[in-house]
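**Student:** got a structure for you, letters missing:
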């Protein structure tokens, strides 16, 4: 992803504040995240020493997702995890997305992320892309079938 991709912040997230908070997370500024092609989210891959460590990391993130009532588009293959943060309603990069990206970085360090190797990120991205497109709109309540 080009560093020139314009970021589209979701309604209610001040673009100046968003840019300040996002800046240190981005790869071109020494961080590990990249802005997705649409400009409406950020993504990156994580690699750990083992499946067990990867699962521990994912459990920690999932618990925080429940607290924040916000979820990623993500995938896991053995010792890798790919995470994309974006907000579907209102669309764009939200304050929660940026906060959760920062939280992911903190927890990855605590779980022993293997540095300098993003192996599995491409596979993880492909899986997350497919699930996101096939899964439908996750932010619209599902209608219950008539009994």
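**Tutor:** That came through, no problem. The shown structure was predicted, so the numbers you read here are calculated from the model rather than taken from an experiment.

**Student:** Spit out the contact partners of residue 98.
**Tutor:** Neighbour list for residue 98: 18, 21, 22, 25, 42, 85 [criterion: CB atoms under 8 Å, 6 or more residues apart in numbering]. Quick note: C-beta positions are derived from backbone N, CA and C, even for glycine.

**Student:** Can you pick out the ones from the residues you listed that are in helices?
**Tutor:** Using DSSP state H, the members of the contacts of residue 98 that fall within helices are 18, 21, 22.

**Student:** As a markdown table, those with pLDDT and neighbour count would be great.
**Tutor:** Shown next, in a markdown table, are these (pLDDT from 0 to 100; neighbours: other CB atoms under 10 Å):
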| residue | pLDDT | neighbour count |
| --- | --- | --- |
| 18 | 96 | 20 |
| 21 | 97 | 17 |
| 22 | 97 | 22 |
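
**Student:** Mean confidence (pLDDT) on the host helix or strand of residue 75, please.
**Tutor:** Taking DSSP states H and E as the definition, residue 75 sits inside strand 73-77. Strand 73-77 comes out with an average pLDDT of 94.

**Student:** Helices of this structure, residue ranges please.
**Tutor:** Ranges of helices in the chain, per DSSP H, are 15-22, 51-68, 95-110, 121-134.

**Student:** between the ones you listed, which one is nearest to residue 79?
**Tutor:** Closest approach to residue 79 among the helices of the chain is made by helix 51-68 (5.0 Å; CB to CB).

**Student:** So which elements touch that closest one?
**Tutor:** Applying 3 or more CB pairs under 8 Å, 6 or more residues apart in numbering; DSSP states H and E, one finds that helix 51-68 contacts strand 73-77, strand 80-88, helix 95-110.

**Student:** and the ones you listed, which is most packed in?
**Tutor:** Highest mean neighbour count of the helices and strands packed on helix 51-68: strand 80-88, a mean of 23 (counted as mean count of other CB atoms under 10 Å).

**Student:** Direction included, what does that one pair against?
**Tutor:** strand 41-47 (antiparallel), strand 73-77 (antiparallel), strand 91-92 (antiparallel) (DSSP bridges).

**Student:** Could I get those in TSV, plus columns for distance to residue 64?
**Tutor:** Shown next, in TSV, are the strands paired with strand 80-88 (distance: least, CB to CB, whole Å):
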stretch	distance to residue 64
strand 41-47	15
strand 73-77	13
strand 91-92	21
